[in-house]
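Novice: Build the 3D model from these lines:
(chains A, B, C and D)
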Amino acid sequence: MSFPLLTVTAAVPAAGALATAAVPAARRAAAKWTALVFSLATLVLAGVQLARFDPDAAGPFQLTESHAWISDFGVRYELGVDGIGVVLVALTALLVPFVVLAGWHDADPLEPATPSRRWRPTQGFFALILMVEAMVVISFEATDVFVFYVFFEAMLIPMYFLIGGFGDRAGERTEDEAAAQRSYAAVKFLLYNLAGGLVMLAAVVGLYAVTADQLGHGTFSLTEIVQARGSGRLHFATVTERALFLGFFFAFAVKAPLWPVHTWLPNAMGEATAPVAVLITAVVDKVGTFAMLRFCLQLFPGASTWATPVIVVLALISILYGALLAVGQRDIKRLIAYASISHFGFIILGIFAMTTQGQGGATLYMVNHGISTAALMLVAGFLISRRGSRLIADYGGVQKVAPVLAGTFLVAGLATLSLPGLAPFVSEFLVLVGTFSRYPVAGAVATVGIVLAALYVLVLYQRTMTGPVEESVRAMPDLRVRELAVVAPLIALLLFLGVYPKPVTRILDPAVEHTMSQVHRTDPQPDVRVSNAEGAK
Amino acid sequence: MENLIGLLVLVPLAGAGALLCGGRRLDRGGPWLGTLAAAVSFALGVVLFADMLGKGGEERTLDVTVFQWVPVGSFRADVGFHLDQLSMTFVLLITGVGSLIHLYSIGYMAHDERRRRFFGYLNLFLAAMLLLVLADNYLLLYVGWEGVGLASYLLIGFWQHKPSAATAAKKAFLVNRVGDMGMSIAIMLMFTTFGTFAFGPVLTAADRAGEGRLTAIALLLLLAACGKSAQVPLQSWLGDAMEGPTPVSALIHAATMVTAGVYLVTRSGAVFEGAPDAQTAVVTVGAVTLLFGAIVGCAKDDIKKALAGSTMSQIGYMILAAGLGPVGYVFAIMHLVTHGFFKAGLFLGAGSVMHGMNDEVDMRRYGGLRKYMPVTFVTFGLGYLAIIGFPGLSGFFSKDKIIEAAFAKGGTEGWILGGAALLGAAITAYYMTRVMIMTFFGEERWRPAPSPDEPSAEPAAGDRAGGMPHPHESPRTMTIPMIVLALGSVFAGGLFSVNDAFLKWLEPVTGHEEGNSPLGALTVTAATMAVLVLGVALAWAQYGRRPVPATAPPGSALTRAARRDLLQDDFNHVVLVRGGEHLTRSLVYLDHKLVDGVVNGTAASVGGLSGRMRRLQNGYVRSYAVSMFGGAAVLIAATLLMRAV
Amino acid sequence: MNPVSYLYLSALLFTIGGVGVLLRRNAIVVFMCVELMLNACNLAFVTFSRMHGNLDGQVFAFFTMVVAAAEVVVGLAIIVSVYRARHSASVDDASLLKL
Amino acid sequence: MNLAAASTTSTGEAVQFWVLAVVAVIGALATVLMKRAVHSALSLAGTMIVLAVFYLANGAYFLGIVQIVVYTGAIMMLFLFVVMLVGVTAADSLRETIRGQRWLAAACGLGFGILLVAGVANASLRHFDGLGRANAGGNVEGLAALVFTRYVYAFEITGALLITAAVGAMVLTHRERTARAATQRELSQERTRKGAYVAPLPAPGTYARHNANDIPALLPDGTPSDLSVSKVLRDRGQVRDVSREALADLAALEQRSAEWLERGRDEEPKGVAQ
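Specialist: This is a model prediction of the structure:
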C-alpha cells in the first residue's frame, strides 16, 4: 500500500486544528503560529499532490485510497483526485495561509486585561479555520458519495461558529446589535445549507436504494456507479434520475449559491470577518460548484442535460441579479458578496453549457475567482479594520493617504471585473465562449454582466478611494508588512495566471474532457471549416 | 527581428512595472526612465521599420507566436504578434508621438508629486496600445483594447482628488465596456463561426461565412469601435475625458487610443466587405459623428473640450473612410496618422497655453496670447492650418481624399456622405478658427482676475494655483515636442502623397481601389477650399471683428444643446442612470422583501405552527398520558391490522 | 367456561385502570390505578402460565410484584415529598414541565 | 380443582369466576370513581383479594398468597398510610379541569379496551396445558427452582432494585435539619417576646357536655373559643361548633325551669336566638 497522501493532506490541517485548540489561553501568538505552520504544511502537501499528479494518466482518478468503512451499507472510505479536485485542493491549501495571516488580529480579545483559563477565542478561531480547511480538502478528494456528504455537511459546524462567533466588529452598532445580526447571519447560513443538505441526504439514500436494487449490493462509490452505468448494469429510470439529480443539485445550488437560494451569502459575508468571508466564498462555496461537476454531471448525465435550460436561465439571472444588487449596495462586504453571486452564476453557466470551453472556463474560474475575491475581500477587510465601518459612504480619498492599499484594491477590483491580462478574464471569456457556442442568446446576455461588473467595481473604487480625503480616513495608515505579504502574492498570482494560465488548464483539461465524455456531449462544430494552410496569411 | 517585436511591447511594460512598483526611490528619475522606455521602443520600431523597408512587398509581414496562452479543447488563443505595414504604421505613430509626449510631460508634470505614477501609467498605455496593434488574433487584441482602456481610466482619473476627474474616468471605462461587450460577443461569434479568432484564418475564410453572420460580427465590431473611438452613440465619454492631464488628452484621446476603432475596422476589412449592411452602418456612424463632433466643437468654450469635439469629428472622417471599404482604408489610416500629428500638436499647444495661464481652460479668458507664447502660437497655428485642410499641409492631403472617396461611394448615398463630409470640413474650419482667434488674437481677457465663483480650472498640478496669470512660454521639454509635431503636421501629408508613397506602402495589407467620384478630384478640392474659406470667414466675422464676451452669451437652442454635448448626457442620465438606479434600488428591495421574505416567511410560518403545536405540551401529565394511551391503542390497531392483512 | 375469560377480565381491568390514570387527579389514586393495571397484567401472566403449562409466567408475575412494590415505595415517597413542598397531591399542579 | 383440564374448567371454578369477576370489576370501577382516596384504596384492596383467589384458582398458589400478604397486606397498607398522611378526608373533586380530557380519556379507554379484547379474541388461545405437571413437585418448589436457576440474575437485580427503592424512598422523604432545633426555653422566650397567648390554652369540651377534641370550649358568654381546638383541626375546618346547640339547650333549660317555677312569662331569656 502506498503512502496515503490524500488522507494526510486532510489530516494535517485537522491535526493543526487540535494542536491550535490545545494551546494555552495566554499564549495567543503561539496559537497563531501553530495555525500558520500547519496551514503551510498543508500547502506543501497539496504541492506534492500536484507534483505527483499526472494529467495524462488514464483513468478518472489518481492517488486513490480505498478502505471499507461501513460495510453493511456499502460505504467505503474512497478518496481520489482528478484534475479539478487536485487543483481545488491546491487552491484551498494556498488560500488558507493567507486567511490565517489576514485574520492575525481578528480574534484577539477586545480587552486584553481579561485573562481567563477557559475563554480562548484566538485559539478557537484558528482551530476552526483549519477544521474547515480539512473538511473542504477531503470533500474535494472524496469519490464516495457518502464520505463526501458527511464532510459536506460537517463543514457547516465550524463555519457556523466562525460566522456567529467571530463577527466583524465594524459599524456603529452596539455589541448586542452586532451579536444579534451575527447570530442571524450564522443561523441563516446554517439553515439554508442544512435544508440543502437534507434534500441531498434523501437523494443519497435514494441513490443507495437504486444501486442496492439493481446491483445487488448498495454502493456509494462514484467510480463503481459510473462504471456500472457505463456497462449497462445500472440503469436509472428517467423519473428517478431526475429526482435524484434535483436532490443533489439543490444542495449544491444552495452552497454555490445560485439565485434564488443566495440570500444567505450577503448576510454571512457581511457579518463574518473578512478572512472568514474569504473562506466562505473562495473555498467553501467552491465545493458546491465542484460537486455539480463531479456528482451531478457524472452520476446523472441524462437528468443534467434535461435540467440544463432551467439551470442556464437561473445562472443568467444570478449573473445579472447579483451584479445589479452589487451596484445597489451600500456596504462594501455585501457588495463583494453580491459580486460573488454574479461570478458563481458564470461558473454554473459554464458548467451547464456542456462545452469544453465552458467547463474548462468554469473550473479555471473557480480557481481565479478564489484568488481574486480573496484579494479583494482581504484588502477590503484591511480597509474596514482601519476605519471601523463597512459603509461605502464613510470613505473617500483613501488613495491619497494609503496609496498602496488603494492600488492593491484597484488591481483586485480590476480582476473582479475581469480585465484582460488578469486571471479571471481568461476563465470568464472561456465560459462566455463556451456558453455562446451552444446557447448564443444566453452567452450574449451574460456578457452584459461584464459591463455591470465594471460598474460596481468602479463605483466602489471611486466612492472609497478617490475624491477629497474624508476627515475620518486622514490618519489611515497604509498597508503593513503582514498585510502586504497577504495581498502581494495573490496579486502576483492573478497577473501570472492571467498571462500564462496553461499550468492550470493543463491539469484541468483532461478532467473536463472526461466529464464531457461522461455526459456524452461534444462541442458544437464551427460553421466554416478553416484549414491550417489558410491560417498562414 | 522576431524577438524585437516582443521587446517592443515588453520595454514599456517593464517601464510601467518598475515605475508602479518601484516605490519612492524612483520619484526623481522616474519621468526620465519612462521617457527612456518610450524612446527605446520607438528606436525598436524604427529598426523594425528599416528592416521591413529592406524586404520586398509581400515578405514584409512578420508573424511570431510567443507562447500558447489559453489552450482549452479546440479553443486556442496564442500570444502571437503580427507585424505588417498597417501595424508598423501604428507602431511608429504610437511610439513616436508617445515618446514626444513623454518628453513633454516631463515639463508639464514637473510639479506633480505623483508624476512617477503618471509615467508608469503612460508606459502602461504604450505597452497596451502596442499589444493592440501587434496582436495576431482578436482575443489578444482585446487584451490590448482593454489595456488601453485601463490606462485611459487611470490617466483620466489621475487627479483623483477631484470628484469630476474620478467620475469622468469611471464614465470612460464604463462606456468603453459597453463597446467591449460588442467586441467580446464578436469574438465569440467568430469562434462559433470559424472555430478560431486569429486574424489570418478569420479574414481569409470570411467570404465563406453567411452574410448574416458576417453582418452580425461586423456590427458588433462596430460597436466596439464606437466605444473606443468615441463615435455616436458611445461618444459621450470623450468630452469628460478632458479632465485628465493634457498630455494624456494629446496622446490617448487624440492621437492614438481613440483611433483604435479605425484600426479595428480597417484590420477587419474582409469581414466588413462581406457585410454591406454593416458597412452602411459604419459610414452612417462616421458621418453622423463627424457632424456631431464638429457641432459640439463649435459651442465649447473650454479649449480642451473644443478640441475633443474636433477629435470626435476627425475620427468620424476616418470611420467614414474605413466604412467605404478598400476605397477608403488607406485614406482613413493616412488621415489617422496626420491627425495624430496635428491633433497631438494642438493639444500640446493647448496644454502649453494652460500651463502658462494657471490651468485656465476657458477660452473666453484667453486672448492675445500670441505675444506671450510665440512658439506655442506658431506650432498651434501650424496645427490649426493642418486640421482645417489648408492646401499643402497634412490635413489637406488626407481629408481631401476622404471627401473624394465619400462622393465616390456613388448614388444618393455618395451625395449624402460627401455632402456631410464637406459640411464637416466647413464646420471644422469654423470652430478651429474660433479657437485660434479666441486664444491668440483679440484683447487680453485674462487681465481681470477670474472671479472665484467660476472655478472651471484644473487646480491640480502642484503649487501653480491662484493669482493673476502671467502668460509665459513653456520650458524646452515642452516646446521641442510641439515643434516636432508641428513639423509633422506640415510635412507628413505631403511626404505621404509624394508618388502615392503611403498608398503603395499600405496597399499590400488593406488593398486599394480607385474610387470614381462623380465630381472629379479637382472639383472636390475646389469645393473643399470653398467651404474652408466660408468657415474661416464666418468665424472671423463672429469672433475676429467683434470683442469676445468674457462670459458666454445664452445662445440659440442649438448652441445650448451643443454646449451640453447635444443632450447626449442628459439622455444617458435620464434613461440609463436613473433607470438603472431605480432598477437596482427596487431589486435590492425585492431581494430583501421577496426572495428573503419567502424564506423568512417559511421560517416564520414554521415558527407559528410550532407555536400552535406547543400548546399540546401543556405540562399536564394526564394529557401526555392520554397521548401515550392513544398511541398504544394505535399500535395495537396497527398490529392487528398487519396480522389481518 | 374457558380460562380465556381470565384474559378478558384482565383486559377489562387493565382498561379501567388506564382510564383511571387519565381521569383522576389525586396522585395517590393515580398510583392505585397503575397498581390495578399491573395486577391485571399479573392475572394475564398467571393465566398464560396455566395455558402453557409452565411456571415462567408466574415467575414473571412475581417479578412484576417486586418491581411494583419498589415502584410504589419510590412513588409514594415522591408524592409525600411533593405534598410537603406544594401542599397538594394533584398531578395537575405539577405542570411545570412545559415550554 | 382440576388443573389438568385442557380447555374448560370445572363448574365450580366457573361459578366462582363469574361471581368474583363481577366483584373485581365493581371494585376496579369503584377505585376509579370513588371521590375519596380511602374508598378507592379499599375498593382496590377488594379487587386484589379477588385476584388472589383467581391466582389460586389458576394454580399459582404461591402468588395467590403473596398477593394477599404482600400486595393487599403491605402495599395497600402503605397506600392507606400515605392517604392518612396527606389527608384522609380531602375529597377529590371529580370536575375535569383539562378541556376535552374526559372525552379523550373515554375514547382512548374504549378504543383501547375494544382493541385489547379483540386482540385476545383474535388470538388462538384454545388449548390449555394446565399446570398439573409443572406443579407436580409443588408450586413453590417449582417457582424456586426457576427463580434460582434460570432467572437468578433477574432475581438478584430485582433485589438490588428493591434496596435501591428503599434507599430512594428514604432519601426522598428525609428532611435534612438545616438549623439547630430550638430548645424549650427558647420557644417559651420566643412566645413571650411575641406577646402571644402566654397562658396554657383552654381545654376543649366545656361543661363536660362533650369531650371530643373537635369541640371548642365555650366562653362565658357562650361563644366558642378557637384556641381550645388543635390547630390542625382548625386549619382543616373540622371544628364542630356546638355553641348554638349549647345556647339553645341552655335557653330550653331556662324555659323549662321557668315553667317549673312559674316565673313571669314576659321575661324572655336573652340568649335565645331569634
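
Novice: Could you list the low-confidence segments of chain C?
Specialist: Along chain C, the parts satisfying pLDDT under 70 run over C:97-99.

Novice: hey, which helix is longest across it?
Specialist: helix C:56-86 (DSSP state H).

Novice: Now look at that one and say if it contacts chain B.
Specialist: No: using CB under 8 Å from any CB of the partner chain, we find that helix C:56-86 stays clear of chain B, coming within 11.9 Å at best. Heads up, the C-betas are built off the backbone N, CA and C, glycines and all.

Novice: and that helix, what other elements does it pack with?
Specialist: In terms of contacts (3 or more CB pairs under 8 Å, 6 or more residues apart in numbering or on different chains; DSSP states H and E), helix C:56-86 is packed against helix C:27-52, helix D:61-66, helix D:76-86, helix D:139-148, helix D:152-173.

Novice: Which positions within the fourth one qualify as buried?
Specialist: Yep, that's helix D:139-148 we're talking about. Along helix D:139-148, the positions that meet the burial threshold by neighbour count (16 or more other CB atoms under 10 Å in any protein chain shown) are D:N139, D:G142, D:L143, D:L146, D:V147.

Novice: Show me the contact partners of it.
Specialist: Contact partners of helix D:139-148, identified using CB atoms under 8 Å, 6 or more residues apart in numbering or on different chains, comprise C:55-56, C:58-59, C:62, D:59-62, D:131, D:134-135, D:137, D:155.

Novice: same question, the shortest one
Specialist: Contacts of helix D:61-66 from elsewhere in the structure, counted by CB under 8 Å, 6+ apart, are C:42, C:46, C:58, C:61-62, C:65, D:52-56, D:135, D:139-140, D:143.

Novice: So what's the gap between it and the chain middle?
Specialist: Going by CA atoms, centre = their mean, to the nearest Å, the spacing between the C-alpha centre of helix D:61-66 and its chain's C-alpha centre is 24 Å.

Novice: What average pLDDT does it get?
Specialist: The average pLDDT within helix D:61-66 is 91.

Novice: now for the lengthiest helix in chain B, which elements pack on it?
Specialist: Using DSSP H, we find that the single longest helix of chain B is helix B:163-194. On a contact count with 3+ CB pairs under 8 Å, 6+ apart, helix B:163-194 meets helix A:423-438, helix A:440-465, helix B:138-156, helix B:199-205, helix B:211-229, helix B:236-240.

Novice: and after the last one, which helix or strand comes next?
Specialist: Yep, that's helix B:236-240 we're talking about. Moving toward the C-terminus from helix B:236-240, the next helix or strand (DSSP states H and E) is helix B:246-250.

Novice: Which among the contacts of helix D:61-66 count as buried?
Specialist: For those, a neighbour count by 16+ other CB under 10 Å gives the buried set as C:42, C:46, C:58, C:61-62, C:65, D:52-56, D:135, D:139, D:143.

Novice: Turn the residues you listed into TSV, including distance to B:V337.
Specialist: Compiled in TSV, the buried ones among the contacts of helix D:61-66 are given as follows (distance: CB to CB, whole Å):
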residue	distance to B:V337
C:N42	115
C:V46	119
C:Q58	119
C:A61	116
C:F62	117
C:M65	116
D:A52	125
D:V53	128
D:F54	123
D:Y55	123
D:L56	128
D:N135	127
D:N139	126
D:L143	121
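
Novice: Show residues contacting stretch A:234-250.
Specialist: Contact partners of stretch A:234-250, identified using CB under 8 Å, 6+ apart, comprise A:196, A:199-200, A:202-204, A:206-207, A:210-211, A:214-215, A:225, A:228-229, A:261, A:291-292, A:295-296, A:299-300, A:302-304, A:306-307, A:311.

Novice: whoops, stretch B:430-439 was the one
Specialist: The contact list for stretch B:430-439, computed with CB under 8 Å, 6+ apart, reads B:294, B:297-298, B:303, B:306-307, B:309-310, B:353, B:363-364, B:366-367, B:369, B:380-381, B:384, B:387-388, B:535-536, B:538-540, B:542-544, B:548.

Novice: if we go to 6 Å?
Specialist: Defining contact as CB atoms under 6 Å, 6 or more residues apart in numbering or on different chains, one finds that stretch B:430-439 is touched by B:297-298, B:306, B:363, B:366, B:369, B:384, B:387-388, B:535-536, B:538-539, B:543-544, B:548.
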